[in-house]
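**Q** sequence-free structure coming up:
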């Protein structure tokens, strides 16, 4: 696919006072570009062409350059990931049900993420870094912010942070190397895991 195929041509983005909407438009254009081009080969000129903006505007939006832009893309991708889980997680009436929904929904979403699968195949070092050492703290932070309001009915915020840390590590580990004992994409298996290993460690108040 050519750059023209991902060009968003956002009206008004190339201005002296770029807006938050312009920033998000560039992030979206960059994510589309990353779907067809290895990240390490993407230049700022490629991003300008994909977003339909000038270099001056791009650097006004992301004065730190390429690294800052890709950090923004990672952040937006995480926020979109958890927003996509919302309807599958909301409405749980017990802590057990909430934990099960989080595990199953997150595991299924990772399994079905074709862009992530392609990244792991074509640029495994970068993709693994986003999921583990380099990106794990970001994942846990965003996940905690998303899950804490849903869990507040059942456990204190301090305990939510701890349990989200565990859940994030478990789900990512399962995705990268599926277990022969538990299948986190299956509700019955997730229920068994939560009852056996998670709930006993949580002091429900």
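**A** Good, I have the coordinates. Every value quoted in this text rests on a predicted model; they were computed, and no experiment measured them. Numbers count the residues shown, from 1 in each chain.

**Q** quick one: low-confidence ranges for this structure?
**A** 1-18, 203-205 (pLDDT under 70).

**Q** Using the record's assignment, carve it into domains.
**A** Domain ranges of the chain: 3-63, 69-201, per automatic domain parsing.

**Q** Save those as JSON lines, and put in mean neighbour count too.
**A** No exception for glycine: its C-beta is placed from N, CA and C like everyone else's. Formatted as JSON lines, the domains of the chain follow (neighbours: other CB atoms under 10 Å):
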{"stretch": "domain 3-63", "mean neighbour count": "16"}
{"stretch": "domain 69-201", "mean neighbour count": "16"}
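
**Q** Pick out the residue closest to the middle of the chain.
**A** residue 78 (2.3 Å; CA atoms, centre = their mean).

**Q** Now it. Nearest residue, chain neighbours left out?
**A** Distances taken as CB to CB, 6 or more residues apart in numbering place residue 142 nearest to residue 78, at 4.4 Å, with adjacent residues excluded.

**Q** residues in contact with stretch 191-202?
**A** Here stretch 191-202 makes contact (CB atoms under 8 Å, 6 or more residues apart in numbering) with 95, 96, 99, 100, 103, 155, 159, 163, 166, 182, 184.

**Q** wait, the first one sits on residue 150?
**A** No - counting by CB atoms under 8 Å, residue 150 is not a contact partner of residue 95; they are 10.2 Å apart.

**Q** what about the helices in this structure?
**A** All helices of the chain, identified by DSSP state H, fall at 20-34, 44-51, 55-61, 66-89, 95-111, 114-122, 124-131, 136-151, 157-176, 187-193.

**Q** Residues in contact with the longest one: which ones?
**A** Read it as helix 66-89. Taking CB under 8 Å, 6+ apart as the rule, helix 66-89 contacts 23-24, 26-28, 30-31, 34, 39, 42-44, 47, 58, 62, 98, 101-102, 105-106, 109, 130, 135, 138-139, 142-143, 146-147, 150.

**Q** Can you get me the centre-to-centre distance for it and its chain?
**A** The chain centre lies 4 Å from the centre of helix 66-89; the measure is CA atoms, centre = their mean, to the nearest Å.

**Q** again with the second one
**A** In terms of CA atoms, centre = their mean, the centre of helix 44-51 is found 23 Å from the chain centre.

**Q** Which other helices and strands does it contact?
**A** Contact here means 3 or more CB pairs under 8 Å, 6 or more residues apart in numbering; DSSP states H and E; on that basis helix 44-51 packs against helix 20-34, helix 55-61, helix 66-89.

**Q** nearest to residue 120, of those?
**A** Closest approach to residue 120 among the helices and strands packed on helix 44-51 is made by helix 20-34 (13.3 Å; CB to CB).

**Q** Quick check, residue 148 in contact with residue 157.
**A** Yes - look at residue 148 against residue 157 with CB under 8 Å: they come within range, at 5.5 Å.

**Q** For residue 124, see how far away the residue nearest to residue 78 is.
**A** Note on residue 142: its distance to residue 124, by CB to CB, to the nearest Å, is 23 Å.

**Q** hang on, the earlier thing: reformat the helices and strands packed on helix 44-51 into a markdown table and put distance to residue 116 next to each item.
**A** As requested, the helices and strands packed on helix 44-51 are exported to a markdown table (distance: least, CB to CB, whole Å):
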| stretch | distance to residue 116 |
| --- | --- |
| helix 20-34 | 11 |
| helix 55-61 | 25 |
| helix 66-89 | 9 |
